[in-house]
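>>> quick one: sequence plus predicted model below, questions after.
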Amino acid sequence: DQQVKQNSPSLSVQEGRISILNCDYTNSMFDYFLWYKKYPAEGPTFLISISSIKDKNEDGRFTVFLNKSAKHLSLHIVPSQPGDSAVYFCAASSVYGNNRLAFGKGNQVVVIP
Amino acid sequence: DTGVSQNPRHKITKRGQNVTFRCDPISEHNRLYWYRQTLGQGPEFLTYFQNEAQLEKSRLLSDRFSAERPKGSFSTLEIQRTEQGDSAMYLCASSQRDRGQLYGYTFGSGTRLTVV
């Protein structure tokens, strides 16, 4: 069963605008959430994370929001740049699960110059 | 040492052959994970080591798969009698957990396996 879900498989956005990626999870034991960016033929690159004790974490152009009651998180990228074009994965982990990551299927983001 | 290193980057093998992949984690990380990613999917957990102890194995890890982490440093993942369904990207990650905080969950570049 898919414990982490990313809908809207692809997103196109104009350079300079905001990209918003959404992620839903089903396991209430998840206590740590991460976003990764992936280029073809490379491993995932860590972007930003958030602990379940917070509802927002910001790092430069990237902000992650967590709504625990809705079991929903989102990644905002602003302003979007052409180099942001990649597949973005949402992942979740639990200290009770040895911190193995459960991933969504990913969102393809294309930033149009 | 600035990241997780995986070798080889690519491996093409004939069905029925055995293959072995290597992962060198970030040196101060005590946790090491193997994942597998197929086209259109996110990475899926295979197995987890804390230091040299293999503490968890996914049911995805059939009897043909074995992983080791001797001395708690590098790790190897071996697939025996490969099948076409084993074709995937095999990813290694390492992390450190300290006082309840998870640090530096970092992935390597992966090994792309093609079974023909």
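The structure has been received and is ready for your questions. Residues are numbered from 1 along each chain as shown, chains lettered A, B, ... in the order given.
>>> count of neighbours near the spatially closest residue to residue A:95 that is not a sequence neighbour?
Spatial nearest neighbour of residue A:95, excluding adjacent residues (CB to CB, 6 or more residues apart in numbering or on different chains): residue A:31 at 6.0 Å. For the C-beta atoms, the positions are set from N, CA and C on the backbone; glycine is no exception. When counting by other CB atoms under 10 Å in any protein chain shown, one arrives at 19 neighbours for residue A:31.
>>> can you check the one 5 residues further on too?
In terms of burial, residue A:36 registers 24 neighbours under the definition other CB under 10 Å.
>>> shouldn't it be in contact with residue A:46?
Yes. If you go by CB atoms under 8 Å, residue A:36 and residue A:46 touch, sitting 5.9 Å apart.
>>> tell me, what's touching these two both at once?
residue B:107 (CB atoms under 8 Å, 6 or more residues apart in numbering or on different chains).
>>> enumerate the residues of chain B near chain A.
Residues of chain B lying near chain A by CB under 8 Å from any CB of the partner chain: B:4, B:6, B:31, B:33, B:35, B:40-45, B:48, B:50, B:55-56, B:91, B:93, B:95, B:97, B:100-102, B:104-110, B:112.
>>> tell me which of the residues you listed fall in helices.
Within these, no residue falls in helices by DSSP state H.
>>> from these, list just the buried residues.
Among the residues of chain B next to chain A, those classed as buried by neighbour count (16 or more other CB atoms under 10 Å in any protein chain shown) are B:4, B:6, B:31, B:33, B:35, B:42-45, B:48, B:50, B:56, B:91, B:93, B:95, B:97, B:102, B:104-110, B:112.
>>> out of the residues you listed, which sit inside strands?
B:6, B:31, B:33, B:35, B:44-45, B:48, B:50, B:56, B:91, B:93, B:95, B:97, B:102, B:104-107, B:112 (DSSP state E).
>>> averaged over its residues, which helix or strand of chain B has the lowest pLDDT?
Lowest by mean pLDDT, DSSP states H and E among the helices and strands of chain B is strand B:101-107, with a mean of 74.
>>> tell me who's in contact with residue A:50.
A:32, A:33, A:56, A:57, A:64, A:66, A:73.
>>> so what's the fifth one up against?
Residue A:64 makes contact with A:33, A:35, A:48, A:49, A:50, A:56, A:57, A:58, A:73, A:74, A:75, A:76 under the criterion CB under 8 Å, 6+ apart.
>>> one more: the last one?
For residue A:73, the residues meeting the contact criterion (CB under 8 Å, 6+ apart) are A:22, A:23, A:25, A:33, A:50, A:64, A:65, A:66, A:67, A:90.
>>> please tabulate the residues you listed in TSV, including the columns secondary structure and pLDDT.
Shown next, in TSV, are the contacts of residue A:73 (DSSP: H, G, I helix; E, B strand; the rest coil; pLDDT from 0 to 100):
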residue	secondary structure	pLDDT
A:22	strand	97
A:23	strand	97
A:25	strand	97
A:33	strand	94
A:50	strand	93
A:64	strand	97
A:65	strand	98
A:66	strand	98
A:67	strand	97
A:90	strand	97
